[in-house]
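Enquirer: Here is my input, please return the structure:
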Amino acid sequence: MKVLVLLVVAGVSAPFAEAGQRPLAQTAEAYHQFMLGRHLASGDDIDGAIAAYKRALALDPTAADVGAELAALYMRQNRAQDALDAAAAALKISPDNRDAHRVAGIVYAALAESGRGAARQSGSDENLTKAVQHLEAALESPVSDTDPNVRATLARLYVRDGAFAKAIPLLSDLVNQEPGWMDGPQLLAEAYSGAGRNADAIRWLEEATADSPQLYPTLADFYERERRWKEAADAYAHAVQLGTRSPNLRTRYAAALLNAGGRDDIGKAREVLKDILTASPNDPRALYLLSQAERRSGDPGTAEATARRVIAQNAKSPWGYYALAEALEERHQYQAVIETLTPVVADFRSRSASDSYELAMLLPHLGFAYQELGQHDKALPIFEEAHRLTPSDPAVTSYLVQANIAAKKYDAAAALARQARAERPDDLRLARLEAQALRQSGKADQGIALLESVVQAHAEDPSAYVALAQIYADVDRGAQAVKVLQDAQAKFPTDQSISFELGAVFDKQKRFADAETAFKQVLARDPSNAAALNYLGYMLAEHGERLDESVAYIQKALELEPENGSYLDSLGWAYFKADKLDLAEQNLKRAADQLATNSVIQDHYGDLLFKRARYDEAIAAWTRALDGDGDSIDRGAIDRKIRAAKQKLGKK
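Expert: Below is the predicted model of the structure:
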């Protein structure tokens, strides 16, 4: 009895204490060997400890805890199979032995991790499943708060196995209880992401960064996933302020600033990228983003030079050509785009199919260039090729629909948009294009009905209201357009696109005072809104009013976008109305050369040439107007002007 009491007080496992069928001396010796094994193991006599545990098991084969202890010793020696065999033997004796489950779970977890390569994927998955089963058994209620390593291992396995709903509560507790566990917050964020709970991840990270500022990059990444670019840029700024000089982190900061899109943000991005390139002059990602920042800050010439540096770094990559095309487009050098991209596209076509995505990146820019030059017969097959390469890309599909509209193939455009919307019913851009194609094909009522349903389905999207108002205005239902926009303005009082469109609708209704008020509302919120500056200046010029003020508005728009052909036309038209013909010609010629298919611009240029008695050139410009896009012109009036010019030529 004295020995039994000693065993219980010493905390010996049940198999020793309950081995009533064996002689007491044998049980005592088994216990002695067990304790000897522990002592030898603590002194790093591993072989002696293993031998002692085996003697203990030989004396008492039902002692599951001895088997679990032996398994743990094998595990610490990286003898995985021996550890699993010992743990399995212990569990055969006592299926609920948590220590044996713990050892088996940890070993299987290590095997799963080491077998993650593709060649061993099936075995890795089997080990992962076994690891989870054993560790869950090891942590069955009551779960001890003293085993964070086991819980952390199980949490990792849950994340890897996609069991995010199980991982999140386990990780939440661990992160709170073990603030020093560096991997925990990242794992928890990954689990939230895998579960599609980005909003929950953001809320948690916003609180966690107060005590753990090293999480700011993770928070920024989640903001990016939700396209919350301003918040992402702010989070990256905090991370950079911590002294992090990681080029990758600062590059992501710059990219977030560019996506945020404000002029100040673009300026900051440009400075960040210059700093990166001071240390790493040939960083291709930083160079590409710098070209984007330079272009968007109104410096397309420098953007072009930077894009060419990207190409010099890697002429086989599409990114430099992509940036170069955008820089040339910004300067409206469409023929240069064609000359640059044509051989590059041919080269990508000659490569393997693996380059299809890269080819699809460049094809739209080549198509845009042909389209801007009015060469729709060349633009359309290029967009069709891009669509074949990336049929699931909604942007490319939209480009193809627009190309069909530009080529006056309205039925084909509507059918393509309708088919694409069947797969993406919530894509507002495709709905707008389908409605536009329907209107152009004489089915305006169908287009209106489509956009009315879109407003109902997208009641929280301001652009849905703008789209509906535009089609109302296009079919002379101006009162309805105004009502839609005024209702939207009440719902979205700070949205500038609504006020801008309201100004455009008022202008079409000849409510010029109301239009001016609407545009000035836009400019009150954003004094650098180039489109509003140009529209207001052009509207004043068109009616011959306050021409000095008109010129000032348009000049400010051109300061923001110096190569914009529409703005150049507006400025030239204002000078024409003021009878400043030299200044008018400088700007109208540039606009006409740049936008050869824009009927209004060619009409303006023809008027200027006629007034300067250059009748043959005026006839050529008006002919281009008639052959152009046909938007917003009076074809009969232009015909009469051509006849008048021909009469003048006859008198010479």
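
Enquirer: residues making contact with stretch 404-423?
Expert: 371, 376-377, 379-380, 394, 397, 400-402, 427, 430-431, 433-434, 436-438, 440-441, 443, 629 (C-beta atoms under 8 Å, 6 or more residues apart in numbering). Bear in mind the C-beta positions are built from the backbone N, C-alpha and C, glycine included.

Enquirer: can you pull out the helices in the stretch 101-250 of the chain?
Expert: 121-138, 148-161, 164-177, 183-194, 198-208, 216-225, 229-241, 247-260 (DSSP state H, counting those that start in this stretch).

Enquirer: quick check: angle from the second one to helix 183-194?
Expert: Orientation note: helix 148-161 sits at an angle of 30 degrees relative to helix 183-194 (axes from the mean of the first three to the mean of the last three C-alpha atoms, to 10 degrees).

Enquirer: Mind checking the pLDDT average for helix 148-161?
Expert: In this model, helix 148-161 has a mean pLDDT of 86.

Enquirer: re the thing from before, which among the contacts of stretch 404-423 end up buried?
Expert: The neighbour-count test (16 or more other C-beta atoms under 10 Å) marks 371, 376, 379-380, 397, 400-402, 427, 430-431, 433-434, 436-438, 440-441, 443, 629 as buried among the contacts of stretch 404-423.

Enquirer: Sort out for me which of the residues you listed are in strands.
Expert: Using DSSP state E to define strands, no part of the buried ones among the contacts of stretch 404-423 is located there.

Enquirer: Output the helices of the stretch 101-250 of the chain in a markdown table; the columns should cover mean neighbour count and distance to residue 486.
Expert: Compiled in a markdown table, the helices of the stretch 101-250 of the chain are given as follows (neighbours: other C-beta atoms under 10 Å; distance: least, C-beta to C-beta, whole Å):
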| stretch | mean neighbour count | distance to residue 486 |
| --- | --- | --- |
| helix 121-138 | 18 | 59 |
| helix 148-161 | 21 | 50 |
| helix 164-177 | 18 | 46 |
| helix 183-194 | 21 | 41 |
| helix 198-208 | 18 | 33 |
| helix 216-225 | 21 | 34 |
| helix 229-241 | 20 | 28 |
| helix 247-260 | 21 | 30 |
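
Enquirer: could you dump those helices to CSV with distance to residue 108?
Expert: Shown next, in CSV, are those (distance: least, C-beta to C-beta, whole Å):
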stretch, distance to residue 108
helix 121-138, 4
helix 148-161, 9
helix 164-177, 17
helix 183-194, 19
helix 198-208, 29
helix 216-225, 29
helix 229-241, 37
helix 247-260, 35
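
Enquirer: do you know which of those helices lies nearest residue 279?
Expert: Set against residue 279 and scored by C-beta to C-beta, the helices of the stretch 101-250 of the chain come closest in helix 247-260, at 7.3 Å.

Enquirer: and the closest one, what does it pack onto?
Expert: Here helix 247-260 touches helix 216-225, helix 229-241, helix 263-279, helix 284-296, going by 3 or more C-beta pairs under 8 Å, 6 or more residues apart in numbering; DSSP states H and E.

Enquirer: Report the inter-axis angle for that helix versus helix 263-279.
Expert: For helix 247-260 against helix 263-279, the angle by the same axes, to 10 degrees is 160 degrees.

Enquirer: now helix 247-260, how far from the chain's geometric center?
Expert: The chain centroid and the centroid of helix 247-260 are separated by 13 Å, computed with C-alpha atoms, centre = their mean, to the nearest Å.

Enquirer: One more: stretch 397-412?
Expert: The answer for stretch 397-412 is 26 Å, by C-alpha atoms, centre = their mean.

Enquirer: One more: stretch 548-565?
Expert: On C-alpha atoms, centre = their mean, the centre of stretch 548-565 falls 32 Å from that of its chain.

Enquirer: Give me the contact list for it.
Expert: For stretch 548-565, the external contacting residues (C-beta under 8 Å, 6+ apart) are 298, 300, 330-332, 528, 530-531, 533-534, 536-538, 540-541, 567-568, 570-571, 574-575, 577-578, 590-591, 594-595, 598, 601.

Enquirer: Mind checking which of these are buried?
Expert: Of those, these count as buried by 16+ other C-beta under 10 Å: 298, 300, 330-332, 530-531, 533-534, 536-538, 540-541, 567-568, 570-571, 574-575, 577-578, 590-591, 594-595, 598, 601.

Enquirer: Can you list which of those residues are found in helices?
Expert: Per DSSP state H, helices hold the following members of the buried ones among the contacts of stretch 548-565: 300, 330, 530-531, 533-534, 536-538, 540-541, 567-568, 570-571, 574-575, 577, 590-591, 594, 601.
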